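Novice: only geometry, no sequence info:
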């Protein structure tokens, strides 16, 4: 328990100290600024959620989410299916689970090809796979050694469905995702390689878990407005900084988490500090 409390304190200290420090904004090597073109701001009846989108993992889905946000399709829609210990589902123009946008359905992106140039940092290597983080997205992958024998010098990878991961809903057809999406309240590994993950909540996981539960909820919460961060007026646009998984501060944090969790370590145990300014 003391180790767990220590790693939580370290994570909080990393963010709090940077937030309190006067002068220049947080910089490399310990911090990176989230690209506002790849951040989705979801204002809800319970508060604000910000998802860092992952175009390296799901470029088609990220493009569609951004297009629908810019069409204002998501504004006012409810969280119509919310299961505690699982996820919050929304994005249906009918608010029933039966609707979709006018845009075409998407080809599944359950896995992607991870090349050496991607900013992936390994956290552990269980069995024949490696686990780590790509940007802010928890990822499971085949090991780097296989890149040398691969025609495209890349290996298969897929998102780990940890708390905060944003996934795309679909029906029985793997290529039927359209506008509906869900935000994970808890880890759910059975979704891996079966549903496309397109991002990770970096601000507002407490809001995700505060959304009213039910199928449908008796008084559903809703998304009042959904915007790409870059589209907010500059005076109202927060700057987001996430700990850079390639930097030394993250290395220390990861070591603390692994020591605290021991044999029970999961990539879902790694909580990335975030600064909002």
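Specialist: Arrived safely. Since we're looking at a predicted model, the values are computed, not measured.
Novice: In the stretch 151-277 of the chain, what residue spans correspond to strands?
Specialist: 154-159, 165-168, 181-184, 197-203, 223-228, 240-243, 274-276 (DSSP state E, counting those that start in this stretch).
Novice: Actually, the stretch 1-150 of the chain.
Specialist: For the stretch 1-150 of the chain, applying DSSP E, counting those that start in this stretch gives strands covering 31-33, 39-44, 47-53, 81-83, 87-90, 112-115, 120-124, 130-134, 137-141.
Novice: what inclination does the third one have with respect to strand 197-203?
Specialist: It refers to strand 47-53. Here the directions of strand 47-53 and strand 197-203 differ by 140 degrees (axes from the mean of the first three to the mean of the last three C-alpha atoms, to 10 degrees).
Novice: do the last one as well
Specialist: Direction vectors for strand 137-141 and strand 197-203, defined by the same axes, to 10 degrees, enclose an angle of 140 degrees.
Novice: strands paired with strand 137-141, and their directions?
Specialist: Paired neighbours of strand 137-141 in the sheet (DSSP bridges): strand 130-134 (antiparallel), strand 154-159 (antiparallel).
Novice: Make a markdown table out of these and add mean neighbour count, mean pLDDT and distance to residue 201.
Specialist: C-betas here are computed from N, CA, C, even on glycine. What follows is those, written out as a markdown table (neighbours: other C-beta atoms under 10 Å; pLDDT from 0 to 100; distance: least, C-beta to C-beta, whole Å):
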| stretch | mean neighbour count | mean pLDDT | distance to residue 201 |
| --- | --- | --- | --- |
| strand 130-134 | 22 | 98 | 14 |
| strand 154-159 | 22 | 98 | 13 |
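Novice: is it true that residue 103 touches residue 93?
Specialist: No - in this structure, residue 103 is not within contact of residue 93 by C-beta atoms under 8 Å, at 11.3 Å.
Novice: Mutual contacts of these two, please.
Specialist: residue 179 (C-beta atoms under 8 Å, 6 or more residues apart in numbering).
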